[in-house]
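*Asks:* okay, here's the prediction I keep looking at, along with the sequence it came from:
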Amino acid sequence: MKKFINKEQTDEWGVTYSNYGRVLKSVDDKLFTCEEYAIPEGVVVMEYNSFYGQSNLRQIHLPSTLREMGDNAFIHCSIESIEFPEGMTEIPGSACEVCKELKEVRLPSTIRGIGIGAFNGCDKLEEINLPNSIQYMEDNVFSGCTSLNHVILPKQLSWIAPELFDSSGIEFITIPNSITEIGYWAFWGCENLKSLTIPESVTKIGRGIVSAHDGFEGVVCHVPGYHVENEALIEDKTGTLLCCWTTQKDYVVPECVKRIADFSLNDFVETITVKQYVKIEYHDTFASNHNLKKIDFQCGVGGKCGNYLMSGFSI
């Protein structure tokens, strides 16, 4: 009897369950034509790629017993909303990536973390609650969520991961005093962002955390060892220009700068003048500057990518 119950069973829609019905194993692409599907109570685990690419699926009902979900569970699905059950502790990587119809996400009070790219590319996502139980959100979680204009960061969150809100619709964001680090490109390409205030609790700031766009009032930085000068955020110890949001047509790099880490995604600047010798370490430092015509390195340029820049621009 135990052998019979434990074997895999497939329902009429091609969804296969195993381990006494506790594990959702796979979905048959040829059989699954549902627009609305309810995973039965008793299922504890959904395996990797469960509903990957099921473009017909518009509504999914998760069981209250669900505790674990593999990566890519609903990637490229057409679901419009999703509610994760109480008891789940992690939203896996790419859980709902590129779900183009997803508008609303409800997270339980038990969630501790959200994996890489979980909601990346969900450009209709307007609403998501972020419970204070969340301790980490990994890279790219909300990248490309252009309809997401406001979130409240959890009080236990200690760092803002790289590209967390990259190219999202965020207009306002309050960085709580629990945050100690902001990763690179965290708010890069957020064309609706009005301003950004960085509290003194932060000890490390990555490059390119913001970029230039109309209506951006700039960065206010309260972090010791960093300062704002001529619409640029500069790390004092190494003299590194981390990002610049200027709308000036002809921009002069502050003379305290010794390294330029990021000056990308700026459609305003046409010429950049650098009076002092500087180093360039990243190949994409000046990427996506569509109207940039000339960089004038008056005292030369070095670093890993210095020669590349010398050959790529008029100087």
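*Replies:* Done, it's in. Numbering: from 1, shown residues only.

*Asks:* for the closest residue to T203 other than its chain neighbours, grab the count of nearby residues.
*Replies:* Spatial nearest neighbour of T203, excluding adjacent residues (Cβ to Cβ, 6 or more residues apart in numbering): T180 at 5.2 Å. No exception for glycine: its C-beta is placed from N, CA and C like everyone else's. Applying other Cβ atoms under 10 Å, we find 14 residues neighbouring T180.

*Asks:* and if you look at the one 5 residues further on?
*Replies:* By the criterion of other Cβ under 10 Å, W185 has 27 neighbours.

*Asks:* how near is it to A212?
*Replies:* Computed as Cβ to Cβ, to the nearest Å, the W185 to A212 distance reads 14 Å.

*Asks:* dump the residue contacts of the residue nearest to T203.
*Replies:* Counting by Cβ atoms under 8 Å, 6 or more residues apart in numbering, T180 makes contact with 158-159, 201-204.

*Asks:* 7 Å instead?
*Replies:* The contact partners of T180, by Cβ atoms under 7 Å, 6 or more residues apart in numbering, come to 158-159, 201-203.

*Asks:* burial check on N230, number of neighbours?
*Replies:* Residues near N230, counting by other Cβ under 10 Å: 16.

*Asks:* that one: what's its closest spatial neighbour, skipping adjacent residues?
*Replies:* Nearest in space to N230, with sequence neighbours left out and distances taken as Cβ to Cβ, 6+ apart, is P254 at 5.2 Å.

*Asks:* how about the one you found, what does it touch?
*Replies:* By Cβ under 7 Å, 6+ apart, the contact set of P254 is 229-230, 232, 234.

*Asks:* so which residues of the protein form helices?
*Replies:* 2-6, 306-312 (DSSP state H).

*Asks:* what's the least confident stretch among those?
*Replies:* The stretch with the lowest mean pLDDT among the helices of the chain is helix 2-6, at a mean of 49.

*Asks:* surely V27 touches V15?
*Replies:* Yes - using Cβ atoms under 7 Å, V27 is in contact with V15, at 5.3 Å.
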